[in-house]
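Engineer: only geometry, no sequence info:
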C-alpha cells in the first residue's frame, strides 16, 4: 500500500488561496439568489393571470351554465395580460441594464479624473 505524497505549501500561499475563494463564493451566491428571484418573478407574472383567468371563468361558467364561454374568454385575456407583464419586465430589465452601464461609465470617468 503506497501512501500518497502530500504537497506542502508555505503557510502564506494557503491563506491567500482561501481569501481569493471567499469573494468568488459570495458573488456566486448573490448571483444565484438574484437569478432565483428573477425566475420566480417571471413565473408568477405568467402563471397567476392565466390560471386566475381560467379559474374565474370556470366559476362563472358553472354559476351561469354557459358552457365554456367565460373560461375561454378569460383564458385568452389572462394570456394577453401575462405577456403584457412579460414585456414590461423585459423593458424594466433593459432600462436597469442601461442605467448600470451609465453608472459604471460615470464611475470610471470619476476615477480617471481623481488620478
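Structural biologist: Ah, there it is. In this text the structure is predicted, and so the values were computed from the model without any measurement.
Engineer: can you pull the contacts of the most centrally placed residue in the chain?
Structural biologist: The structure's the chain has its C-alpha centroid closest to residue 38; by CA atoms, centre = their mean the separation is 1.9 Å. Residue 38 sits next to no residue when contact means CB atoms under 8 Å, 6 or more residues apart in numbering. In short, each C-beta sits where N, CA and C put it, glycine included.
Engineer: helix, strand, or coil at it?
Structural biologist: helix (DSSP: H, G, I helix; E, B strand; the rest coil).
Engineer: from here on, call the first residue 58.
Structural biologist: Done: numbering now begins at 58, and the last item shifts to residue 95.
Engineer: how deep is residue 115 tucked in, by neighbour count?
Structural biologist: When counting by other CB atoms under 10 Å, one arrives at 15 neighbours for residue 115.
Engineer: residue 124 touches residue 115, doesn't it?
Structural biologist: No - contact between residue 124 and residue 115 fails when scored by CB atoms under 8 Å: they sit 11.2 Å apart.
Engineer: just the element for the residue nearest to residue 121 when sequence neighbours are not counted, please.
Structural biologist: Closest residue to residue 121 apart from its sequence neighbours, by CB to CB, 6 or more residues apart in numbering: residue 127 at 7.4 Å. Applying DSSP states H and E as the criterion places residue 127 in helix 126-171.
Engineer: and that helix, what does it pack onto?
Structural biologist: Applying 3 or more CB pairs under 8 Å, 6 or more residues apart in numbering; DSSP states H and E, one finds that helix 126-171 makes contact with helix 68-121.
Engineer: what's the burial count for residue 140?
Structural biologist: Residue 140: 14 neighbours (other CB under 10 Å).
Engineer: where in this protein is pLDDT low?
Structural biologist: Scanning the chain with the threshold set as pLDDT under 70 gives 58-85, 172.
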